[in-house]
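K.L.:
Build me a model from this:
(2 chains)
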Number of protein chains: 2
Amino acid sequence: MSLNERIDRITEKKDSLVCVGLDVNPERIPAHLMEGDDPVFRFCKQIIDATADLVSAYKPNLAFFEALGVDGWRILKRTVDYMPGHVLKIGDAKRGDIGSTAEKYAKSLFGLGFDAVTVNPYLGLDSVEPFIRDETRGVFILCLTSNPTSRDFQYLESGGRTLYQHIADKVCEWNTRDNCGLVVGATHPHELRELRTLAPDLPFLIPGIGAQGGDLEASVTAGTDDRGSKALINSSRGIIYASAGEDFPEAARRETLRLRDAVNKVRKQKEIR
Amino acid sequence: MSLNERIDRITEKKDSLVCVGLDVNPERIPAHLMEGDDPVFRFCKQIIDATADLVSAYKPNLAFFEALGVDGWRILKRTVDYMPGHVLKIGDAKRGDIGSTAEKYAKSLFGLGFDAVTVNPYLGLDSVEPFIRDETRGVFILCLTSNPTSRDFQYLESGGRTLYQHIADKVCEWNTRDNCGLVVGATHPHELRELRTLAPDLPFLIPGIGAQGGDLEASVTAGTDDRGSKALINSSRGIIYASAGEDFPEAARRETLRLRDAVNKVRKQKEIR
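P.N.:
Purely as a prediction, here's the structure:
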C-alpha cells in the first residue's frame, strides 16, 4: 500500500487528523521524571500511552533529540520503536542534500523506523528521490512554512507564480508513487486553500496551530480536501506541555481530545456545506 | 575574532584553501581497519593525521555519521574532538527549521565543537539567526548547489534576479557579524564569478570538484577574491578514498598536496594578472 493510501486509511479508521509533535525539551519535562533513568524516553512513552488511540501520527522533531548529545539518537530510536503500528511515524528532519548524501539520510531515517520524513526542496529532485523510491514510505516536502520569515524567499514570484507554488507543482510531478505530501503552515490559511486546489491529491502536514498562532478552523477548512481529509494537523507544545506536573499524561490526553474534536467539528461542517 | 576573519587567517597562514570532506562510508573503508574497534573513527583519525598540516578545514558530512545508527553521533563527536585547533571544523548538516527548532540545531552542532555549519536558507532569517548570534561561529548558507537538479528551483527568476542571487543578497544583509558565507558548487563556474561580484566579502565553500565533475581551475579563478582568497575548496571522495589499501593515509596526503598545489597555482596566476 502506498504511503498516501495508508495516511487516508489511518485517518479514516481513527477518525482523527491529529499529529502530535514530539519536540521534547528536557527543561520542560516534569521534575518527577528527571529523577529516574531515561527521562526523555519516559516522557515520550507516557505521552504515547495517553494519546495513541486518539491520533493518526507522531512527529518527533530531530533537533530536540540531537540537542540531547551523543545519546540523542538512542533515545529517538527507543521512542520510535515504542510507537504502535496503527500510527504514522513522521521524522521531522527537514533534510536536503545532493543525491549521494540524500541516500544516506534516507537510509538513516527510514532505518530508525519512520514512515515519512520532512524534506527541504531547495536542492530539487536529487535530494528527494532516495526518500520516494519505495511507495510504502515517503516525504512531506516543505512548501510554505509557518515561521515569520517564510516571506524572505517563499513568496518570490517567477512567471506569475510564487516559489512555494512552483514547489507544489513539482511535488505533484514527483508523486508518481503516491508517497509525497506538502508541509504548509497553519499561519497561512489563504495560501492553504490555494495550495489545496493546486495539489488536490497530496496530503498536507499542517503545523503552526497553538503556540505559533495559526487559526484552527480556517486551516482545517482550507487545508483538507472536499471530504475533510488528506491533512494532518500537528500540535506539539500545546499537547505535550499541557501540564508541567505529574498529571501531564492526562492533560496531554485532554488537549489531544479537544483538538481532535475541534478538527472533526470543522470537517463535519465542511461535509454539510 | 569573527569567523570570517579566522577563515582568512587560517587560509593565509597555511597557504591552503583545501577543505577535506569526511563523507565516510563504511563500505569503502580499507578492510584492515574494519577488524578493530571504532573503524570509522580510526579511518578519520588517520586521514586527519596525514593531512592536517596541508588543509584549512575538515567538513564531516552528518548524513554519513547518522547512517551509522545510534552510535553515529558518538563517532562524529570523537572525530571532531580529534581535529587540531589550527583547522576549521565545518559541520555539513544543511539544517533549516523554524526559530525555536533552529535554536536546538545550533546548540547541538556548536556543542559538538563545529566552528561553522552549512544551513539551508528556504525558511529565511529565523532559521539562520541562532547560528550567527556569536561572531566566532557561523554559517555557510546554501546558495547554488553542485547537484544536477539544482536547476529545479535555484534558477527561477524573480524581478530580474535568480533565486540564488536573491539568497546571496540576503546573506550579505545578514552578515553584520562577519560570520556568514555561501555554498556555491564548483559545477557552476560562470555563476561563481557572478556571485563573487555580488558578495565580495563573503567566504565561499566550494564543493563539487572531483567526483562531481566541477572544473578546478575555473572554479578557483571565479570563486576566490582579488587576492586569491575567501574560498574553501572541498574535496571528499577524491582524497579520502584515494587508496582502498593500507596506504590510504599516504594516498590521501598525496592527493591533498596535489589539490593544495593545483589550487595555489591558480591563485598565483590570478595575482599576476
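
K.L.:
For stretch A:31-41, measure first residue to last.
P.N.:
Start-to-end span of stretch A:31-41 (Cα to Cα, to the nearest Å) is 14 Å.

K.L.:
max-length helix in chain A?
P.N.:
In chain A, taking DSSP state H as the definition, the longest helix is helix A:248-272.

K.L.:
what's it packed up against?
P.N.:
Secondary-structure packing of helix A:248-272 (3 or more Cβ pairs under 8 Å, 6 or more residues apart in numbering or on different chains; DSSP states H and E): strand A:18-22, helix A:39-51, helix A:216-223, strand A:231-235, helix A:237-240. In short, each C-beta sits where N, CA and C put it, glycine included.

K.L.:
Select, out of the ones you listed, the one closest to chain B.
P.N.:
Closest to chain B of the helices and strands packed on helix A:248-272, according to Cβ to the nearest Cβ: helix A:237-240, at 8.8 Å.

K.L.:
hmm, that closest one in reach of chain B?
P.N.:
No. Judged by Cβ under 8 Å from any Cβ of the partner chain, helix A:237-240 stays clear of chain B, getting no closer than 8.8 Å.

K.L.:
Who are the packing partners of that helix?
P.N.:
Using 3+ Cβ pairs under 8 Å, 6+ apart as the contact criterion, the neighbours of helix A:237-240 among helices and strands are strand A:18-22, helix A:39-51, helix A:248-272.

K.L.:
I'd like to know how far residue A:234 sits from residue B:159.
P.N.:
With the distance defined as Cβ to Cβ, to the nearest Å, residue A:234 ends up 34 Å from residue B:159.

K.L.:
Hmm, residue A:128 and residue A:103 touching each other?
P.N.:
No. At 11.6 Å, residue A:103 and residue A:128 do not qualify as touching, with contact defined as Cβ atoms under 8 Å.

K.L.:
which of the two has more neighbours?
P.N.:
Looking at residue A:103 and residue A:128 with other Cβ atoms under 10 Å in any protein chain shown, you find the greater number of neighbours at residue A:128, namely 27 against 18.

K.L.:
what are the phi and psi values for that one?
P.N.:
phi -100, psi -30 (degrees, to the nearest 10).

K.L.:
Equivalent analysis for residue A:90, please.
P.N.:
In terms of degrees, to the nearest 10, the main-chain angles of residue A:90 are phi -110, psi 120.

K.L.:
Just give the nearest non-adjacent residue to it, would you?
P.N.:
Spatial nearest neighbour of residue A:90, excluding adjacent residues (Cβ to Cβ, 6 or more residues apart in numbering or on different chains): residue A:59 at 4.3 Å.

K.L.:
Grab the nearest non-local neighbour of the residue in the stretch 151-273 of chain A positioned nearest to chain B.
P.N.:
With distances taken as Cβ to the nearest Cβ, the stretch 151-273 of chain A approaches chain B most closely at residue A:152, which sits 3.0 Å away. The shortest distance from residue A:152 to any non-neighbouring residue, by Cβ to Cβ, 6+ apart, is to residue B:124 (3.0 Å).

K.L.:
picking up where we left off before, now, of the helices and strands packed on helix A:248-272, which is deepest in the fold?
P.N.:
Ranked by average neighbour count under the criterion mean count of other Cβ atoms under 10 Å in any protein chain shown, the helices and strands packed on helix A:248-272 are headed by strand A:231-235 at a mean of 28.

K.L.:
May I have the strands that pair with it, each with its orientation?
P.N.:
strand A:18-22 (parallel), strand A:204-206 (parallel) (DSSP bridges).

K.L.:
Pretty sure residue A:89 sits in a strand.
P.N.:
Yes. With DSSP: H, G, I helix; E, B strand; the rest coil as the criterion, residue A:89 is assigned to a strand.

K.L.:
Quick check: it vs chain B, distance?
P.N.:
16 Å (Cβ to the nearest Cβ, to the nearest Å).

K.L.:
Surely that residue and residue A:82 touch.
P.N.:
No. In terms of Cβ under 8 Å, residue A:89 does not count as a neighbour of residue A:82; the distance is 10.3 Å.

K.L.:
related to what we said a few turns ago, output the helices and strands packed on helix A:248-272 as JSON lines; include the columns mean pLDDT and distance to residue B:36.
P.N.:
JSON lines is the format used below for the helices and strands packed on helix A:248-272 (pLDDT from 0 to 100; distance: least, Cβ to Cβ, whole Å):
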{"stretch": "strand A:18-22", "mean pLDDT": "98", "distance to residue B:36": "37"}
{"stretch": "helix A:39-51", "mean pLDDT": "98", "distance to residue B:36": "32"}
{"stretch": "helix A:216-223", "mean pLDDT": "95", "distance to residue B:36": "53"}
{"stretch": "strand A:231-235", "mean pLDDT": "98", "distance to residue B:36": "45"}
{"stretch": "helix A:237-240", "mean pLDDT": "96", "distance to residue B:36": "43"}
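
K.L.:
Now render these as CSV, adding distance to residue B:251.
P.N.:
Compiled in CSV, the helices and strands packed on helix A:248-272 are given as follows (distance: least, Cβ to Cβ, whole Å):
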stretch, distance to residue B:251
strand A:18-22, 45
helix A:39-51, 43
helix A:216-223, 54
strand A:231-235, 49
helix A:237-240, 51
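
K.L.:
so which of those comes closest to residue B:45?
P.N.:
helix A:39-51 (31.0 Å; Cβ to Cβ).

K.L.:
Can you tell me what sits against the closest one?
P.N.:
Counting by Cβ atoms under 8 Å, 6 or more residues apart in numbering or on different chains, the neighbours of helix A:39-51 from elsewhere in the structure are A:20, A:22, A:24, A:26, A:29-30, A:33, A:36, A:58, A:60, A:65, A:68, A:75, A:78-79, A:82-84, A:239-240, A:248-250, A:252-253, A:256.

K.L.:
Let me know whether residue A:231 touches residue A:220 as I believe.
P.N.:
Yes. Between residue A:231 and residue A:220 there is a contact under Cβ under 8 Å: 7.1 Å.

K.L.:
what's the overlap in contacts for those two?
P.N.:
By the contact definition Cβ under 8 Å, 6+ apart, residue A:231 and residue A:220 are jointly contacted by residue A:17.

K.L.:
The stretch 51-200 of chain A: helices as residue ranges?
P.N.:
Counting by DSSP state H, counting those that start in this stretch, the stretch 51-200 of chain A has these helices, from start to end: A:62-66, A:72-82, A:99-111, A:163-174, A:189-198.

K.L.:
Point out the most buried one among these.
P.N.:
Most buried of these by mean neighbour count (mean count of other Cβ under 10 Å) is helix A:62-66; its value is a mean of 26.
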